[in-house]
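Trainee: Please work out how this folds:
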Amino acid sequence: MTELSPRAVLNTLIETCKDGERGLLHAAELVSNPELKSFFTDTAYRRAQFATNLLPYAQRLGGAATADGTAAASIHRRWMDVRSAWSGHDDGAVVAEARRGDSVTVLAFKSAVEGALPATVRDLVEHEYAVVRESHLRFADLGRPSQQVM
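Mentor: Sure thing, here's the model as predicted:
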């Protein structure tokens, strides 16, 4: 497996955070439970902040502006619509799909902290990874009433 350059790693994290932001905001639109709406909206805001925080570091490494999200994430948001409709608009189905999508963010950050990052950004990425893991664990708590949905 080829190791990515620090700039490529940061660009991947930025795109992943943008995808996460959009996916979580979409999930917030699909659920009816106010607690879930709030959780998804707050988590989306944090993902947007992460992307904003990382952008200057990527640019200093010679990176151009990153893409505005990925096609895979767009397809996943459409799948969330389908899954929600199939489940009779059950919030648990949306939580399950949002959690599945958020797993991509967790893996991207895990990969980044295990890779070669410049010292100037390592602490930031490690901190953001801890926050990402913590919020990802909350999905399990939020999805408990509808575990059959998974």
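
Trainee: So which bits of the helix or strand where Ala96 lies are buried?
Mentor: Ala96 is part of helix 91-114 when elements are defined by DSSP states H and E. Judged by neighbour count using 16 or more other Cβ atoms under 10 Å, the buried positions of helix 91-114 are 91-102, 104-106, 108-109, 112. To be clear about C-beta, it is placed using only N, CA and C from the backbone, and glycine gets the same treatment.

Trainee: Following the chain past the helix or strand encompassing Asp19, name the next helix or strand.
Mentor: When elements are assigned from DSSP H and E, Asp19 belongs to helix 6-30. Secondary structure here is assigned by DSSP H and E; on that basis, the next helix or strand after helix 6-30 toward the C-terminus is helix 34-60.

Trainee: Give the other helices and strands that that next one contacts.
Mentor: Applying 3 or more Cβ pairs under 8 Å, 6 or more residues apart in numbering; DSSP states H and E, one finds that helix 34-60 contacts helix 6-30, helix 91-114, helix 119-143.

Trainee: re earlier: can you give me how far the helix holding Asp19 is from the chain middle?
Mentor: Put simply, helix 6-30 sits 5 Å off its chain's centre (Cα atoms, centre = their mean, to the nearest Å).

Trainee: Go ahead and confirm Lys110 touches Tyr129.
Mentor: Yes: Lys110 lies in contact with Tyr129 (Cβ atoms under 8 Å); the separation is 6.8 Å.

Trainee: and Val106, what does it touch?
Mentor: Residues in contact with Val106, defined by Cβ atoms under 8 Å, 6 or more residues apart in numbering, are Val132, Arg133, His136.

Trainee: mind listing what the residue most central in space within the chain touches?
Mentor: Most central in the chain under Cα atoms, centre = their mean is Gly20, positioned 3.2 Å from the mean C-alpha point. Remark: with contacts taken as Cβ under 8 Å, 6+ apart, Gly20 is in contact with Thr43, Ala44, Arg47, Ala73, Gly101, Asp102, Val104, Thr105.

Trainee: And it, how far from Phe109?
Mentor: 10 Å (Cβ to Cβ, to the nearest Å).

Trainee: quick one: low-confidence parts of this protein?
Mentor: Under the criterion of pLDDT under 70, the regions of the chain flagged as low confidence span 1-3, 63-89, 143-150.

Trainee: Pull the contacting residues for the closest residue to Asp102 other than its chain neighbours.
Mentor: Nearest non-adjacent residue to Asp102, counting by Cβ to Cβ, 6 or more residues apart in numbering: His136, 5.3 Å away. With Cβ under 8 Å, 6+ apart as the criterion, the residues that contact His136 are Arg99, Asp102, Ser103, Thr105, Val106.
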